[in-house]
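> have a look at this fold, sequence not included:
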C-alpha cells in the first residue's frame, strides 16, 4: 500500500511545499492543487488565504487533520470522496463511496433532455425516470433546470438513494422527485406509458476491464455502478427491448454509452420496431457519449 514519507510541516508554507512533493512522489500529477484543497479543509482557509499566510504556524490539531487527509489521498481515495463534494451541471453534489462520482461527460445526457425540451416548446407537467440514479446528479439537475418536471429516481442501492434524497433536498427539488429502490425497470410498473423521458447512465464496463482502471475508480467507486458483468451491453439490451413500454408516444429514451459502444447500442434499438432511428451525441472530447431514440 502507498505510504507517505514523514513530513516536517510547522507552517502553512511548509505544508504546501512538502505536501506537494509527497503527493507527486506517489504519482499524483495535480499535487499542488490537491494539497491546497486538503490543507484548506484542515485549516478552514481558502486558497488565497493559504498563499497569503505561508509563514503562519499550524496547530497540532491542524497538522494531524492535514496528515490524515493526505494519507487518505496517498492511498488513492478519490478527492471527491475526501471532500464529500462534486460539481455537476453547475450544481454542488454530495458524494460518498456509496455512489459513482458524477463526470463532466454525463452532462451531455442532461443536455440532450434539455435540448429536446427546448425543441418541444411545451411547459406542461411531464414525467421522467432516471434508472440507476446514484447520487441523483442527473435527476436533480434536470428537476432544477425544468421546474415543471417530475422525476422517478430508481436505484438498487439504499445507500445511494439516501445520498440522492439529500442532494434533492439541498437543491429544493425533493418535492418533485420520487425515489424508488429496485433493479432496473422493475420499480416503474406504475409508470407504464406515462413517461416523457427514460434516461440512464448504466454500468457499461466489462467486468475484466475494471482491473485496468485507475485505482481511484477500481478500488473505491461502487463496482455495481461500473460493470454489469461479462456483457457490457446488458442494460442497453433491456432498455431497447422494454424501455418503450414505459414511454408515451414520441417519448424519448436517452442513455450514456462507453467509448466504442454507440453503434452497437444503435443496432440494438434498430432491430426493435418500437423505436424511431437512433441518434448519437458526442461529448466535448469528441467521444460518442449519448444514444437517444424516440418511441414511435
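Here it is on my side, so go on. Every value quoted in this text rests on a predicted model; they were computed, and no experiment measured them.
> now the helices for the stretch 151-296 of the chain?
158-170, 215-218, 223-226, 234-242, 262-270 (DSSP state H, counting those that start in this stretch).
> run a quick neighbour tally on residue 271.
9 (other CB atoms under 10 Å). The way it works is simple: take the backbone N, C-alpha and C, and place the C-beta from them, glycine included.
> thinking again about what came up before, format the helices of the stretch 151-296 of the chain as JSON lines; extra columns: mean neighbour count.
Formatted as JSON lines, those follow (neighbours: other CB atoms under 10 Å):
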{"stretch": "helix 158-170", "mean neighbour count": "19"}
{"stretch": "helix 215-218", "mean neighbour count": "16"}
{"stretch": "helix 223-226", "mean neighbour count": "17"}
{"stretch": "helix 234-242", "mean neighbour count": "19"}
{"stretch": "helix 262-270", "mean neighbour count": "18"}
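> mean pLDDT for those helices - can I get that in a markdown table?
Shown next, in a markdown table, are these (pLDDT from 0 to 100):
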| stretch | mean pLDDT |
| --- | --- |
| helix 158-170 | 98 |
| helix 215-218 | 96 |
| helix 223-226 | 96 |
| helix 234-242 | 97 |
| helix 262-270 | 97 |
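> now these in JSON lines, please, with extra columns for distance to residue 26.
Shown next, in JSON lines, are these (distance: least, CB to CB, whole Å):
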{"stretch": "helix 158-170", "distance to residue 26": "28"}
{"stretch": "helix 215-218", "distance to residue 26": "11"}
{"stretch": "helix 223-226", "distance to residue 26": "23"}
{"stretch": "helix 234-242", "distance to residue 26": "35"}
{"stretch": "helix 262-270", "distance to residue 26": "36"}
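> so which of those helices comes closest to residue 198?
Among the helices of the stretch 151-296 of the chain, helix 234-242 comes nearest to residue 198, with 7.2 Å by CB to CB.
> among the helices of the stretch 151-296 of the chain, which comes closest to residue 182?
Taking those one by one with CB to CB, helix 158-170 is closest: 10.1 Å.
> now do the closest one: which elements does it pack against?
Judged by 3 or more CB pairs under 8 Å, 6 or more residues apart in numbering; DSSP states H and E, helix 158-170 is in contact with strand 91-94, helix 137-145, strand 149-155, strand 177-181.
> elements contacting the second one?
Secondary structure elements in contact with helix 137-145, counted by 3+ CB pairs under 8 Å, 6+ apart, are strand 85-88, strand 91-94, helix 107-120, strand 126-131, strand 149-155, helix 158-170, strand 177-181.
> repeat that for 7 Å
strand 91-94, helix 107-120, strand 126-131, strand 149-155, helix 158-170 (3 or more CB pairs under 7 Å, 6 or more residues apart in numbering; DSSP states H and E).
> with distance to residue 18 added, can I get these in TSV?
TSV is the format used below for the helices and strands packed on helix 137-145 (distance: least, CB to CB, whole Å):
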stretch	distance to residue 18
strand 91-94	30
helix 107-120	36
strand 126-131	44
strand 149-155	41
helix 158-170	34
